[in-house]
Structures are given as structure tokens and as C-alpha cells.
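*Asks:* here's my sequence, what's the structure:
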Amino acid sequence: MQRATRFSSDLRAGFVLEWITLAWNVVGVAVLAVLAFRSSSTALAGFGLDSLIEIGASAVVLWELSGSGEARRERALKLIGGAFVALAAWLLVQSVIALVTAHRPEPSPGGIAWTAVTAVSMVVLASLKGRVGRALDNPVLRTEARVTLIDALLAVAVLIGVTADAVLGWWWADPVAGLVIVYYALREAREIFRPHPG
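*Replies:* Okay, the predicted model is just below:
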């Protein structure tokens, strides 16, 4: 009985964490769209795309938590993996174009503030999701916790890039910030799609 109560409590916590993440990223997409447009920043635009992917990942986890079954979990994991690949591909193309054309974004104090707050928030959410995912023994929630951690890493990379551009005039730091996350996103996608022993 106590075990069932604990499971139910952990499941509710999983739902709450995903709804918080979903709401945060819905707001983030709107904020970043404005900031990226005003500053013409590749890194901020890429971060906005990451927020869209995080919305999709949260929706996948909410869907998965409401049901059960191995096939459902496998499909959910593949959808999250596909989101990682899409993010990496978009950021790679945009960052390379920005570097080749020597694109110089405008300084963005708003971008600095938003990415700093987001980095802290996403680290906290990723830690809590990972803990709940382990308690539930749910590989989808654990994987999505890594998606949220990637979001935090991207926020830090974008924060460094946008700040270096604004303070030091290093225009190339903006697209390089996008390239940093390509590595992490592809690494996570590889881990998801790699065959695991049954």
C-alpha cells in the first residue's frame, strides 16, 4: 500500500514538473522570438528552437506518463531522439552560415537576462525530473531530464556567447555558442538510438 502511494506521488510529481517545463518554454518561445528578431542573434534564435523542441519533449513525456507499455515508451524515446537531431541540424547550419558571412548580431541585454534565469531554472528542473524518473524507473522521464539539462547547457552557452559579443565585441562567440550544443545534442541522440541489450 505504501509502495503504491509512493508511486502515485512520484507520478504526480512527474506530471507537475513536465507542466512547469511546458509552461516555461511556451513563454520562452515568445520571449526569444522577440529578442532574436531585435538582435539578429543566431544563438538566441537557436535557443528559441530548443524551447520548441523542449515543448515537444514535455508533451511526449506527458503522453507517455498517462499510459504504459514498452512499445509506447520506445516510440516516446525515438520522438525525443528525433528532436535532438533536429535541434543539432538547425543549429549547425545556422551557426556555420553566421560564421562564414561574419554575421554581427546586436547586443541583447534581454537575451543575457533570460538565458541566465533559464539556465538556473532548467538545471533545477532537470535534477528533479531525473530523481523522479529514477524513482518511477521510467526511461522516458529520465531521458527527458537529459533534454532539460541540454536546455540548461544551451542556455549557458548562449549566455556566454551573447555576453562575450556584448561586452567584448566578439561577434563570432554568438554562432560558436550554437555549435557547442550541437555536440551535446548529437551525443544524446546517439545514446537514445543506440541498441540496448534486452
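
*Asks:* could you pull out the helices for the chain?
*Replies:* Secondary structure of the chain (DSSP state H): helices at 2-39, 42-65, 70-100, 109-136, 139-168, 173-193.

*Asks:* quick one: contacts for the residue nearest the centre of the chain?
*Replies:* For the chain, the residue nearest the mean C-alpha position is residue 151 (3.0 Å; Cα atoms, centre = their mean). Contact analysis of residue 151 by Cβ atoms under 8 Å, 6 or more residues apart in numbering lists 50-51, 54, 118, 122, 126. For the C-beta atoms, the positions are set from N, CA and C on the backbone; glycine is no exception.

*Asks:* got the contact list for the closest residue to it other than its chain neighbours?
*Replies:* What sits nearest to residue 151 in space, not counting adjacent residues and going by Cβ to Cβ, 6 or more residues apart in numbering, is residue 122, at 4.7 Å. The contact partners of residue 122, by Cβ under 8 Å, 6+ apart, come to 148-149, 151-152, 155.

*Asks:* make CSV out of those residues and add distance to residue 11.
*Replies:* Below are those laid out as CSV (distance: Cβ to Cβ, whole Å):
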residue, distance to residue 11
148, 18
149, 21
151, 23
152, 24
155, 28
